[in-house]
Each structure stands twice: as structure tokens, then as C-alpha cells.
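>>> make a model of this:
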Amino acid sequence: MARRGKALINRELCKGCLLCIRACPVKVLEEDTRPNTTGSYPSKAVYIEKCIACGNCFEVCPDVCIEVYELEGAEV
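Got it, this is the predicted structure:
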């Protein structure tokens with residue numbers, strides 16, 4: 001069984017650079033259609049069930065607004 005994970009994005013800290021979207025190998029993330037309070041369009045996790053907890057999105061985020069968790073019971 002593949003690893004399963006969950007990516008959480010703090011939409012108020014996200015400036016909308018979208019680097020995380022390009023870094024995701026399984027295409028979990030997309031650009032939000034609603035702006036945050038600063039007027040930026042942040043990334044959001046849309047296809048949460050596809051997340052493999054690789055951490056690529058976390059690694060490329062310049063604003064450190066993404067947290068990635070590996071779900072319990074998921075095998076490597």
C-alpha cells in the first residue's frame with residue numbers, strides 16, 4: 001500500500017507563488033479561486049485523497065505556510 005498523507009496550507013500566509021503546485025508529483029494542489037485578505041490567490045489542497053506525503057510542497061514553499069502529515073496506518 002502506498003503512503004497516504006495530508007497537506008495543510010495556511011491560506012493567509014500564502015502569497016500565491018504556486019511553486020507547490022508545480023512541485024506536487026500527484027497533482028493534489030490547485031490555485032484557489034478566492035483571494036485571501038492580502039488579495040493573493042493561494043494554493044489549496046483539492047485532491048486530498050491523492051496525497052502521498054512526499055513533502056515536496058513543504059520543501060519549495062518560501063513562506064513556510066504548508067504542513068504535511070503522514071496518515072497513521074499508511075505503509076511505505
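
>>> C-alpha only now, for contacts and for neighbours.
Will do.

>>> run a quick neighbour tally on residue 31.
Neighbours of residue 31 under the rule other C-alpha atoms under 10 Å: 17.

>>> remind me which residues of this structure are low pLDDT?
Along the chain, segments meeting pLDDT under 70 span 1, 73-76.

>>> swap in 50 and give it another go.
76 (pLDDT under 50).

>>> which residues in it form helices?
Chain-ordered helices for the chain, with DSSP state H as the definition, fall at 19-23, 56-60.

>>> mind putting those into CSV with mean neighbour count and distance to residue 44?
Shown next, in CSV, are those (neighbours: other C-alpha atoms under 10 Å; distance: least, C-alpha to C-alpha, whole Å):
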stretch, mean neighbour count, distance to residue 44
helix 19-23, 18, 9
helix 56-60, 19, 11
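
>>> closest to residue 31 out of those helices?
Minimum separation from residue 31 across the helices of the chain (C-alpha to C-alpha) falls at helix 19-23, 7.8 Å.

>>> show me what the closest one is packed up against.
If you count contacts as 3 or more C-alpha pairs under 8 Å, 6 or more residues apart in numbering; DSSP states H and E, helix 19-23 packs onto strand 29-31, helix 56-60.

>>> nearest to residue 6, out of the helices of the chain?
Here helix 56-60 is closest among the helices of the chain (C-alpha to C-alpha), at 11.2 Å.

>>> list the helices and strands that closest one packs on?
Packed next to helix 56-60, using 3+ C-alpha pairs under 8 Å, 6+ apart, are helix 19-23, strand 66-70.

>>> of all these, which lies closest to residue 8?
Residue 8 sits nearest to strand 66-70 of all these, at 5.2 Å, using C-alpha to C-alpha.

>>> ok, the closest one: who's next to it in the sheet?
strand 5-9 (antiparallel) (DSSP bridges).

>>> got the contact list for the partner strand?
Residues from elsewhere that reach strand 5-9 (C-alpha atoms under 8 Å, 6 or more residues apart in numbering): 43-45, 48-49, 51-53, 65-71.

>>> which one among these gets closest to residue 37?
residue 43 (13.9 Å).

>>> quick one, what contacts the closest residue to the closest one other than its chain neighbours?
Nearest non-adjacent residue to residue 43, counting by C-alpha to C-alpha, 6 or more residues apart in numbering: residue 31, 4.4 Å away. Taking C-alpha under 8 Å, 6+ apart as the contact definition, residue 31 lies against 16, 18, 21, 41, 42, 43, 44.
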